[in-house]
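> Let me see the structure of the following:
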Amino acid sequence: MKKNIFDKMSESYDNFHLKDTEKMMKNETFYFSPKMKLFFAWFIFLIICVVLFFVVGRPALERKKKEQVSTDSVEKTQDVTKETTQKEISEETVQTDSKEDMNISYEKNTDEDLNAFIKLYFNAMAACDNDVLQEMVIDGSQYNKADSLKKKAEFVTGYDNITVYTKEGPDEGNYVAFVVMNLKIVGVNSSPYDIVTLFVVDGSHGFLIDNSNLIEERKSFIEEVKEDPDIQKIFQFVDSKNEELRKNDPTLQAFYDTINGKTSGSEKDKDTKEQKEAEEEKQEQDEQQEEVQQEQQEDGQEQQDESRQQEEGQQAQDH
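Purely as a prediction, here's the structure:
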């Protein structure tokens, strides 16, 4: 009976795996039992795995490790940069020049709940969330219209590194808060500083910002607090930092020029040229108009002369 391919495969399997294998080497016969062949097979398999690990696996692990280290390094650098920026706002403002300045009259980031409230307020400003803002102020009517903040949000897109300096208000539970932060502005490479003054009331339902027409007592108190030397140092710090940024960042200087209604030299030249062209065009039109009027006058004079001649001819015929 002729064997098919499956019978041949089965016979080969039995001969190789289940029976001793006979090998002739240099006139000597060696016999390999199935167990010995299985041992050698596993040994060769392990060698292949080790080789593959060193050739493929280990370089891949090292590459992944390097990428992880690089990522951690970048994140650490970003954290350090952010922390440094925050320290610029919070620490440089309280640099003291003498022993008397050690008695700082304000508190900085001491009330976590107040800090969280103010950060939420500016986040809502950036997001143009009128509903949230109406719940955070005394006079919510300022935020009735959905588009009331969109104009400002077109160029100020975020508020970062918020630091809150507070002084107790004239009444218990009232605070004057001086909020220093960095602004994210569209088209500006740097993040300029800003300082905002808020009058905060701590009521039975939590903090509220008094954005209404303040009573005279509160207005006077805020102006008095602003004149405090310690508070003046904060304003001076913000001004000096922005001045430094404007010198090093043309995009920021251009932004300030825009909001102050100034134009660049090229724009001024352009305006001057257009104005000059307009004046020349007007002068040319006036000259043309004068020529037309003169021609009309000459035509009128000629008509009068013709009429006079006709009258004189008529009179001569009558005589």
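
> Do a quick rundown of the strands in the chain.
Listed in chain order, the strands of the chain (DSSP state E) span 21-25, 28-32, 107-108, 156-168, 174-185, 193-203, 206-209.

> Need these in JSON lines (columns: mean neighbour count and distance to residue 41).
Using the backbone N, CA and C atoms, a C-beta is placed for each residue, glycine as well. Output for the strands of the chain, formatted as JSON lines (neighbours: other CB atoms under 10 Å; distance: least, CB to CB, whole Å):
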{"stretch": "strand 21-25", "mean neighbour count": "9", "distance to residue 41": "12"}
{"stretch": "strand 28-32", "mean neighbour count": "10", "distance to residue 41": "11"}
{"stretch": "strand 107-108", "mean neighbour count": "16", "distance to residue 41": "74"}
{"stretch": "strand 156-168", "mean neighbour count": "19", "distance to residue 41": "64"}
{"stretch": "strand 174-185", "mean neighbour count": "20", "distance to residue 41": "66"}
{"stretch": "strand 193-203", "mean neighbour count": "17", "distance to residue 41": "73"}
{"stretch": "strand 206-209", "mean neighbour count": "17", "distance to residue 41": "75"}
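
> Mean pLDDT and distance to residue 130 for these - can I get that in TSV?
Output for the strands of the chain, formatted as TSV (pLDDT from 0 to 100; distance: least, CB to CB, whole Å):
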stretch	mean pLDDT	distance to residue 130
strand 21-25	62	87
strand 28-32	62	86
strand 107-108	89	30
strand 156-168	92	16
strand 174-185	93	20
strand 193-203	92	18
strand 206-209	92	14
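
> Could you dump those strands into JSON lines and include distance to residue 306?
JSON lines is the format used below for the strands of the chain (distance: least, CB to CB, whole Å):
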{"stretch": "strand 21-25", "distance to residue 306": "141"}
{"stretch": "strand 28-32", "distance to residue 306": "142"}
{"stretch": "strand 107-108", "distance to residue 306": "98"}
{"stretch": "strand 156-168", "distance to residue 306": "77"}
{"stretch": "strand 174-185", "distance to residue 306": "76"}
{"stretch": "strand 193-203", "distance to residue 306": "81"}
{"stretch": "strand 206-209", "distance to residue 306": "87"}
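
> domains for this structure, by residue range?
What automatic domain parsing lists as the domains of the chain is 1-90, 101-248.

> what about the ones you listed, which gets the closest to residue 287?
With CB to CB as the criterion, residue 287 lies closest to domain 101-248 of those, at 45.9 Å.

> got the CA positions of stretch 228-241 in CSV?
Extracted as CSV, the C-alpha positions of stretch 228-241 are listed here (Å, rounded to 0.1, in the frame of the first residue of the first chain):
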residue,chain,number,x,y,z
ASP,A,228,1.2,101.9,51.8
PRO,A,229,5.0,101.5,51.0
ASP,A,230,4.7,97.7,51.0
ILE,A,231,1.9,97.8,48.5
GLN,A,232,3.7,100.4,46.4
LYS,A,233,6.6,97.9,46.1
ILE,A,234,4.3,95.4,44.5
PHE,A,235,3.1,97.9,41.9
GLN,A,236,6.7,99.0,41.3
PHE,A,237,7.7,95.4,40.8
VAL,A,238,5.0,94.8,38.2
ASP,A,239,5.9,98.0,36.3
SER,A,240,9.6,97.2,36.3
LYS,A,241,9.1,93.7,35.1
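
> in it, what counts as buried?
230-231, 233-234, 237-238, 241 (16 or more other CB atoms under 10 Å).

> ok, of the domains of the chain, where does mean pLDDT dip lowest?
Mean pLDDT is lowest for domain 1-90 among these, at a mean of 65.

> which other residues reach stretch 195-205?
114, 117-118, 138, 166, 169, 173-181, 207-210, 214, 218, 222, 226, 234-235, 238 (CB atoms under 8 Å, 6 or more residues apart in numbering).

> could you redo the last one with a cut-off of 7 Å?
With CB atoms under 7 Å, 6 or more residues apart in numbering as the test, stretch 195-205 has contacts from 114, 169, 173-180, 207-210, 214, 218, 222, 234-235, 238.
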